[in-house]
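J.: this one's structure only:
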């Protein structure tokens, strides 16, 4: 939404009655008084528009057309409902008669009446299926080559049809009375054993009772909806207050923690230092204990003698090493020729040893 210049915004205050008029005229729009204050030109536009449209956004002409259309639709629905209810009642009458044939003996007159009625219902339903409406292609192929006129020729004879029509209102009235008495017994079971006259009187009052019950149910539903909306608002307000309190408590906790954090850190350091010192002392004690268990007095004395012997042998080896190194140094004075003679001497010694071994092995 575009913001207007500051000079224009300042000319309209937050308490202007125009804001309340706009908000009341458009309750479905998610507008706030702050939005209208920041955008006064848009507020004036909505105020002007509210004189030509209702709270749903429709113009007065469209509202009248919509109400007229809804009224016509309700009238057509009511007409269809009456016809559909009558058709279902007739089907129920036929079904109940078919069921009663298996439990009791039915007179031939009743059989003829219900057969005629059932045949009329079947023919009417088939004719309705075969009769194309204005919205269906007239060139559509017929089902099994049948047409509505051919199916209507299957109606019962005129005499049977006339007798059925003469008796139908009486039978329909009986069936309706039976259903109404069942509805009355369902609504108030204690009225089931009342006389027929008293039931008829109570049936005349049943629509008013049902209407009052419906109005009461709608009132309770609306009240529950309002209570739910109020509860949601209160919950939102409560959560907002709770969040603010939690933020305040968090701020206080942080401030208090900063003040005592230094002392806590110092105490923690002292604690961990003491704990580490104790651990080191325990390790030292364990090492000493292991050494005491490992090195007894006899073992220490033996180790000392071994050490002395090894030291003596080490000194003798060092003396021998120095002697050999001095001899080697004296031999190196003779140069490359002496080295060749030494290698030849070593080779001859190896050959003599090999031949001596062979002579020893082959001598019997």
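T.: That came through, no problem. None of these values were measured; they are calculated from a predicted model.
J.: residue 259: how many residues sit nearby?
T.: Look at residue 259: counted by other C-beta atoms under 10 Å, it has 9 neighbours. The way it works is simple: take the backbone N, C-alpha and C, and place the C-beta from them, glycine included.
J.: shouldn't residue 345 be within a helix?
T.: Yes - using DSSP: H, G, I helix; E, B strand; the rest coil, the assignment for residue 345 is a helix.
J.: where does it land on pLDDT?
T.: Looking at residue 345, its pLDDT is 79.
J.: and the gap between it and residue 75?
T.: 141 Å (C-beta to C-beta, to the nearest Å).
J.: and stretch 263-270, how far out from the chain's middle?
T.: 48 Å (C-alpha atoms, centre = their mean, to the nearest Å).
J.: with stretch 89-99 instead?
T.: For stretch 89-99 - counting by C-alpha atoms, centre = their mean - the centre lies 48 Å from the chain centre.
J.: can you list contacts of that stretch?
T.: Residues from elsewhere that reach stretch 89-99 (C-beta atoms under 8 Å, 6 or more residues apart in numbering): 106, 110, 114, 117-118, 121, 171-172, 175-176, 179.
J.: equivalent analysis for stretch 188-195, please.
T.: Residues contacting stretch 188-195 (C-beta under 8 Å, 6+ apart): 184-185, 198-199, 202.
J.: what's the mean pLDDT across that stretch?
T.: On average, stretch 188-195 scores 70.
J.: can you pull the buried residues of that stretch?
T.: For stretch 188-195, the neighbour count (16 or more other C-beta atoms under 10 Å) marks residue 194 as buried.
J.: residues near residue 97, how many?
T.: Neighbourhood size, residue 97 [other C-beta under 10 Å]: 18.
J.: helix or strand: which one has it?
T.: helix 60-101 (DSSP states H and E).
J.: list the helices and strands whichever strand or helix holds residue 267 packs on?
T.: Per DSSP H and E: residue 267 is located in helix 196-294. For helix 196-294, the packing partners by 3 or more C-beta pairs under 8 Å, 6 or more residues apart in numbering; DSSP states H and E come out as helix 158-187.
J.: buried ones in the helix it packs on?
T.: Buried, per 16+ other C-beta under 10 Å, within helix 158-187: 160, 163-164, 168, 171, 181, 184.
J.: next one: stretch 219-236 to chain centre, how far?
T.: 24 Å.
J.: no further queries at this time; thank you.
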